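J.: Predicted model, plus sequence, below.
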Amino acid sequence: MASIDFFTVATIRLHVLYVFVVLAHDRRRVLHFNVTEHPTAVWAAQQIIEAFPEDRAPRYLLRDRDGIYGHYFRSRIEGMGIEQVRITARSPWQNCYAERMIGSIRRECLNHVIAINDRHLRRILKDYFHYYHGSRTHLALDKDAPEPRAIQPNKLERIVAVPQVGGLHHRYERLAA
């Protein structure tokens, strides 16, 4: 099962950019994201094609009732054999995984950075998702990251901070003294 959603980000020149995200529910992985200034149903359908190659499409796709998901989008999803699950109008809690992830993106990254343009926002989000997948722990995953990582031995070694997301976050690792 996967879910999709849009959220907006204002640039330094007050242009509104739309970020489209696709989230896999099993390990809370962001499968795909992209940024545009003018989203359309055709653009959103292309993002789904890029997110799910032919053999990797989920059985169910959870989404809201946004008008951007027009006829072209719906027919593309049906053609891929994906069953759409539309949440009730004005009920974001029914798409809780995507909404929680978007809230984390805002709190942990975008509230501390001002995007200059769409390329800059893509770079910021790419760095954040690298951190999100490899270092950020999730309680639902038993305090593991979406990409499982090895447990480091508990020895008397030096602990070093590894900056991530431009120094906004850090991962701590043990290094031999």
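T.: Yes, it's here. Residues are numbered from 1 along each chain as shown.
J.: Tell me the buried residues in the lengthiest helix in the chain?
T.: The helix that spans the most residues within the chain, counting by DSSP state H, is helix 118-134. Buried residues in helix 118-134, counting neighbours by 16 or more other Cβ atoms under 10 Å, are found at 118, 120-122, 124-125, 127-129, 131-132. Bear in mind the C-beta positions are built from the backbone N, C-alpha and C, glycine included.
J.: starting at the chain centroid, how far to that helix?
T.: 9 Å (Cα atoms, centre = their mean, to the nearest Å).
J.: Specify the next element, helix or strand, located C-terminal of that helix.
T.: strand 158-164 (DSSP states H and E).
J.: which of the residues in that next one are buried?
T.: residue 164.
J.: What is the neighbour count of the closest residue to residue 26 other than its chain neighbours?
T.: With sequence-adjacent residues excluded and distances taken as Cβ to Cβ, 6 or more residues apart in numbering, residue 26 is closest to residue 1, at 7.6 Å. Neighbourhood size, residue 1 [other Cβ atoms under 10 Å]: 14.
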